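> could you work out the structure for the sequence below:
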Amino acid sequence: MIIISRTSQLSNKFVPISIYVDGQHIGSLSDGERSEFRLADGEHTVQARVTVSISNSIVFNLKDNQNIHFELGSNVNVGKNMLLALSHPAILIGLYYLDKVIGWDYFLLWGILAYLAFGAWLYFSNRRKSRLVSETEKHYLYLKQLD
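Have a look, this model is predicted:
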């Protein structure tokens, strides 16, 4: 049996994540949910999917009466993505025109601050020493075998 525990995160909070074993859909997990799936003994591949995003694949060998635990989560940093969205040029242009229509200067101010904050984050993060990226960090979703 495999046991998959989904972490509770802001990203994908209201979206169920589908679980696939050997390419076949076996179920879905909601935010913070834990489920058990019975499988035949032998070698299997497990993967998670949400809309168009796919997690890393994990190949494991299941033996008699063995329980294998997995953790499912997302590598998305919601705060960084909000800054990225607010700093997009199309959003800045929209905020500029909204500012002109409504006459409230703070619309444009928030966009400009987000643009500067995201630019500073890019500048300082690119100056750090390069590091190796693990297989789970390459994907929007990740699966980790805990046992």
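> correct me if wrong: K144 contacts E71.
Yes - counting by Cβ atoms under 8 Å, E71 is a contact partner of K144 at 4.6 Å. Using the backbone N, CA and C atoms, a C-beta is placed for each residue, glycine as well.
> neighbouring strands - and their directions - for the biggest strand by length in the chain?
When the chain is parsed with DSSP state E, its longest strand is strand 42-50. Note on strand 42-50: by DSSP bridges, its sheet partners are strand 17-21 (antiparallel), strand 53-54 (antiparallel), strand 58-62 (antiparallel).
> will you turn those strands into JSON lines that also has distance to L98, mean neighbour count and mean pLDDT?
JSON lines is the format used below for the strands paired with strand 42-50 (distance: least, Cβ to Cβ, whole Å; neighbours: other Cβ atoms under 10 Å; pLDDT from 0 to 100):
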{"stretch": "strand 17-21", "distance to L98": "35", "mean neighbour count": "20", "mean pLDDT": "95"}
{"stretch": "strand 53-54", "distance to L98": "31", "mean neighbour count": "14", "mean pLDDT": "86"}
{"stretch": "strand 58-62", "distance to L98": "46", "mean neighbour count": "15", "mean pLDDT": "95"}
